[in-house]
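Engineer: Here's my sequence, what's the structure:
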Amino acid sequence: MAQPTGVASKSGIQLFTTGTPNGFKVSILLEELKEAYGKDYSVKSIDIFDNDNKPQKQPWYTALNPNGRIPTIVDHDRGGFAVFETTAILAYLTRHYDPDHKFSFPVDSDDYSVCEQWLAWNHGGLTPM
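Structural biologist: Now for the predicted structure:
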């Protein structure tokens, strides 16, 4: 199966996702970064419920995310760097695109450590595996 049709991003962040809780988390942060800083992004829907074609398991997608799951981002403004796993994506986006710490904390602060703890708890203890 080929990559999804439509305009592919050449700049900004490209988000591959679907309407799931983990997909929404990244979508919300991207929308906030767009509002606060003008960060461009586009969304490509990945139909993870398409059991016949399984787009998330196709070679083009597993080249971006070896787990074959959503969400995944590709940062075209940083050389096409791909990031997968919700918590890793949220950390990446705030590290690179939240210079005023509107949605994050300075890395050397105790608040940053507390935030990491809650993210780890959310990922490992609250959300489905």
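Engineer: Output the lowest mean pLDDT helix or strand found in this protein.
Structural biologist: Least confident helix or strand, the chain: helix 110-121 with a mean of 90, by mean pLDDT, DSSP states H and E.
Engineer: Could you list the alpha-carbon positions for it in PDB?
Structural biologist: C-alpha atoms of helix 110-121 as PDB (Å, rounded to 0.1, in the frame of the first residue of the first chain):
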ATOM      1  CA  ASP A 110      12.100  20.500  39.800                       C
ATOM      2  CA  ASP A 111       8.800  21.200  38.000                       C
ATOM      3  CA  TYR A 112      10.200  19.500  34.900                       C
ATOM      4  CA  SER A 113      11.000  16.400  37.000                       C
ATOM      5  CA  VAL A 114       7.500  16.300  38.500                       C
ATOM      6  CA  CYS A 115       6.000  16.700  35.000                       C
ATOM      7  CA  GLU A 116       8.200  13.700  33.700                       C
ATOM      8  CA  GLN A 117       7.000  11.600  36.600                       C
ATOM      9  CA  TRP A 118       3.300  12.300  35.800                       C
ATOM     10  CA  LEU A 119       3.900  11.600  32.100                       C
ATOM     11  CA  ALA A 120       5.600   8.300  32.900                       C
ATOM     12  CA  TRP A 121       2.700   7.400  35.200                       C
END
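Engineer: Tell me which other helices or strands that helix touches.
Structural biologist: Packed against helix 110-121 by the contact rule (3 or more C-beta pairs under 8 Å, 6 or more residues apart in numbering; DSSP states H and E) you find helix 86-97. Yep, even glycine has a C-beta here, placed from its N, CA and C like the rest.
Engineer: just checking, what packs against the helix it packs on?
Structural biologist: So helix 86-97, by 3+ C-beta pairs under 8 Å, 6+ apart, packs with helix 21-37, strand 72-75, helix 110-121.
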